[in-house]
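no letters, just coordinates:
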């Protein structure tokens, strides 16, 4: 059985169209033979997201991104994606746009809420959110530091501007003159130091002789002072030695019962008699003070004799 050229051409065109449609949908990630439903979410920005990006649940791939375009009235970006027909997702589920890696693009992670009552249907909308990626987190951490650095630089600029305003031309000239005067003073000090060095070198012999004379004079003064001190102190030392010898002799006599003091110190009986006599004398004096008439008699007619009675 032979086919005409027209039939062959029509078959080729139909086959090519089918292959083209299948390939296009495959490249877009749209399932051709599987039973899936298409959902969508709206995001403020989708940089890094491309057609065919994975749609995951708990890290497992369940679908693909099939369309990216503007939403109605250009309010956000509408992203359409597929999920399995038998996945009973609740309308409260959320589609989170996240960064796969530093250079790995972005994908959508569905945070599922499973329910048998409010299951999403084909064409329904899921709530959306964007999870910050590593680059965004770094930018968020760097931004405050950058602001602080900019503030410091602004303050430094203001400080230098204030210094320039305070240090006007007249002040700058005065400061310049002060520095010049200071330099002149330093030069004068250096010149004076050099002059003193020359004087010292020229009179080195004389200076050394002067110091030698000062040393000799000091030695002579020390010798004279020592002689004067010895001449005054030596007689005093001799007198102390003589007094010491006499005191030793006196103590030896007392210990040997020589003299009145020696006997008084060493003979106990003599000491006791002396103490008793002292006590009797003290009693007599007290009695005399108390009864003076007992010991003294006065008469205006004179003393009577016993023979006149």
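Perfect, thanks for sending it. Because the structure is a prediction, the values reported are computed rather than measured. Numbering: from 1, shown residues only.

C-alpha only now, for contacts and for neighbours.
Noted.

show me where the stretch 1-150 of the chain has strands.
Remark: strands assigned in the stretch 1-150 of the chain by DSSP state E, counting those that start in this stretch are 36-43, 54-57, 60-70, 77-84, 94-99, 106-111, 127-130.

can you list the strands that the fifth one pairs with?
Using DSSP bridges, the strands paired with strand 94-99 in its sheet are strand 106-111 (antiparallel), strand 127-130 (parallel).

now do that strand, average pLDDT.
Computed over strand 94-99, the mean pLDDT rounds to 92.

contact partners of it?
Outside of strand 94-99, the residues within contact range by CA atoms under 8 Å, 6 or more residues apart in numbering are 41, 46, 105-112, 126-134.

could you redo the last one with a cut-off of 10 Å?
Residues from elsewhere that reach strand 94-99 (CA atoms under 10 Å, 6 or more residues apart in numbering): 39-43, 45-49, 55-57, 81, 105-113, 125-136.

can you find the helix or strand of the chain with the lowest average pLDDT?
helix 259-266 (a mean of 64; mean pLDDT, DSSP states H and E).

quick one: name whatever helix or strand follows it.
Using DSSP states H and E, the helix or strand that follows helix 259-266 towards the C-terminus is helix 268-290.

roughly how far is that next one from the heart of the chain?
From the chain centre to the centre of helix 268-290 is a distance of 89 Å (CA atoms, centre = their mean, to the nearest Å).

repeat that for stretch 62-82.
On the basis of CA atoms, centre = their mean, stretch 62-82 sits 57 Å off its chain's mean C-alpha point.

distance across it, terminal residue to terminal residue?
Counting by CA to CA, to the nearest Å, you get 8 Å between the two ends of stretch 62-82.

flag every buried residue along that stretch.
Within stretch 62-82, the residues that count as buried by 16 or more other CA atoms under 10 Å are 62-68, 76-82.

how about residues contacting that stretch?
Applying CA under 10 Å, 6+ apart, the external contacts of stretch 62-82 come out as 25-31, 35-46, 49-57, 83-84, 87, 95, 107-110, 122-125.

quick one, which of these are buried?
Among those, those that count as buried by neighbour count (16+ other CA under 10 Å) are 28-31, 36-43, 46, 49-56, 83, 95, 107-110, 125.

ok, how many other residues are close to residue 175?
Using other CA atoms under 10 Å, residue 175 has 13 other residues around it.
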